[in-house]
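Okay, sequence plus prediction incoming.
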Amino acid sequence: MDSRLEQYESKMGKSLSNLLNEYGSIRAGRANPHVLDNIMVDYYGTPSPIQQVANVSVPEARMIQIQPWESNMVKEIEKAIMTSDLGINPTNDGKMIRLVFPELTEERRKELAKEVKKYGENAKVAVRNIRRDANDAMKKLGKSSEISEDEVAELEDEIQKLTDSYIKKIDEAVESKSKEILTV
């Protein structure tokens, strides 16, 4: 690949990994510790991710168990989960917190599948914007006579191939996540 295109590929890669992170935080009826990734806990005045102040495990398919390393953190973690948009009420026994994920209704599964598609579309738009920026940059190089028109055409062709490959990866991610959500 042309070194002038590396920065654009890197940006497209970031768009894809951002999408996959978004998908990690969507709860699909199965307990996934990544739903806690964006929840911060006040740890002695410092906002910290739950995973840094507690042991997070999945003892069964629809339950997450959170065992803080310090017992005084139980209330803090519980408060953080309740104020988040997770939509699950934690239960605690004084030592650990349990999150039990309810079975998803058919309606909720369809809503989540729509959300997954929307995230996928946003990622595709981001990739296409990167393609546009790359093409503009190559045209500028062509106008300033740094490269020939043939080279501009070749680079634009490479940019299109790169774009197509990332769009395909995004479509595969959307398909895979939708399938996971819609499977009962």
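Nice, I can see it.

how many neighbours does Asn53 have?
For the record, residue 53 is Val, not Asn. When neighbours are counted by other Cβ atoms under 10 Å, Val53 registers 21. For every residue, glycine as well, the C-beta is placed using N, CA and C.

residues touching it, list them.
The neighbourhood of Val53, defined by Cβ atoms under 8 Å, 6 or more residues apart in numbering, consists of 41, 43, 68-70, 73, 76-77.

In terms of helices and strands, where is Val74?
helix 73-83 (DSSP states H and E).

and that helix, C-alpha only, in CSV?
Written as CSV, here are the backbone C-alpha positions of helix 73-83 (Å, rounded to 0.1, in the frame of the first residue of the first chain):
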residue,chain,number,x,y,z
MET,A,73,-16.8,0.0,47.4
VAL,A,74,-19.9,-2.1,47.2
LYS,A,75,-22.2,0.9,47.8
GLU,A,76,-20.2,3.0,45.3
ILE,A,77,-20.4,0.4,42.5
GLU,A,78,-24.1,-0.2,43.2
LYS,A,79,-24.8,3.5,43.0
ALA,A,80,-22.8,3.8,39.7
ILE,A,81,-24.7,1.0,38.1
MET,A,82,-28.1,2.3,39.2
THR,A,83,-27.4,5.8,37.8
